[in-house]
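# Sequence and predicted structure are below.
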Amino acid sequence: MDGIIVRGLIAASLCLSLAGCAAAGDGAGIAPTAAALADSRWRVAAVAGEGGRLSDVPADLRVDLAFDVAAGSASGSAGCNRYRASASVGEVRLVFGAVAASKRMCAQPVGGMAVEARFLAALAAVARARIDGDRMDLLADDGAAVLALVRAAD
């Protein structure tokens, strides 16, 4: 009888330990659901650059992301050009399909085309998202943030 109790206590403590680790995760935030992203608009605040570090999007450059979950798509401004991509929102994953973008050149602001290229590359690397209030981080498979966004004011 004592062996059964000991095994039960070990199993219970193992479950609690694993649940605690899963709950702690890598900080605050939750994975967004389709309902949380439905018809939402976001301003891109930072984009992964060289070395994978996030760098701020210049204030005079508009990079944004709008979800149309019902249509399974996302669209917005990449900085110089408009873009559209399929968007698949699962329980844990957020994946963007091939991106179609207009092909305008822009000289202003300086560096806008480079930010746009980094943004579109980062979008293709997204595997999941984490929302914390009005902030959303889009993450690669390895958990590294590739885009940092803030909810756009209506």
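Good, I have the coordinates. Numbering: from 1, shown residues only.
# show me where the protein has strands.
41-48, 54-56, 64-68, 73-77, 82-89, 94-101, 128-132, 135-139, 145-151 (DSSP state E).
# what comes into contact with stretch 131-144?
26, 28-32, 36, 42, 48, 52, 94, 122-123, 125-130, 145-151 (CB atoms under 8 Å, 6 or more residues apart in numbering). From N, CA and C alone the C-beta is placed, and that goes for glycine too.
# and what of stretch 69-89?
32-35, 37-39, 41, 57, 61-68, 94-106, 112-113, 115-116, 119-120, 123.
# As CSV, could you dump the C-alpha coordinates of that stretch?
What follows is stretch 69-89, C-alpha atoms only, in CSV (Å, rounded to 0.1, in the frame of the first residue of the first chain):
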residue,chain,number,x,y,z
VAL,A,69,-8.7,35.6,-40.5
ALA,A,70,-11.9,34.7,-42.3
ALA,A,71,-10.2,35.1,-45.7
GLY,A,72,-7.0,33.4,-44.4
SER,A,73,-4.9,36.4,-45.4
ALA,A,74,-2.7,39.2,-44.1
SER,A,75,-1.8,42.4,-45.9
GLY,A,76,-0.3,45.9,-45.3
SER,A,77,2.5,48.2,-46.1
ALA,A,78,6.0,46.8,-46.2
GLY,A,79,7.4,50.3,-46.0
CYS,A,80,7.6,51.1,-49.7
ASN,A,81,5.2,48.6,-51.2
ARG,A,82,1.9,47.0,-50.4
TYR,A,83,1.9,43.2,-49.8
ARG,A,84,-0.5,40.4,-49.3
ALA,A,85,0.1,36.8,-48.0
SER,A,86,-1.9,33.9,-46.9
ALA,A,87,-2.0,33.5,-43.1
SER,A,88,-2.7,30.3,-41.3
VAL,A,89,-3.6,30.7,-37.6
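# on that earlier part again, narrow the contacts of stretch 69-89 to those that are buried.
For the contacts of stretch 69-89, a burial check counting by 16 or more other CB atoms under 10 Å picks out 32, 34, 37, 57, 61, 63-67, 94, 96, 99, 101, 112-113, 115-116, 119-120, 123.
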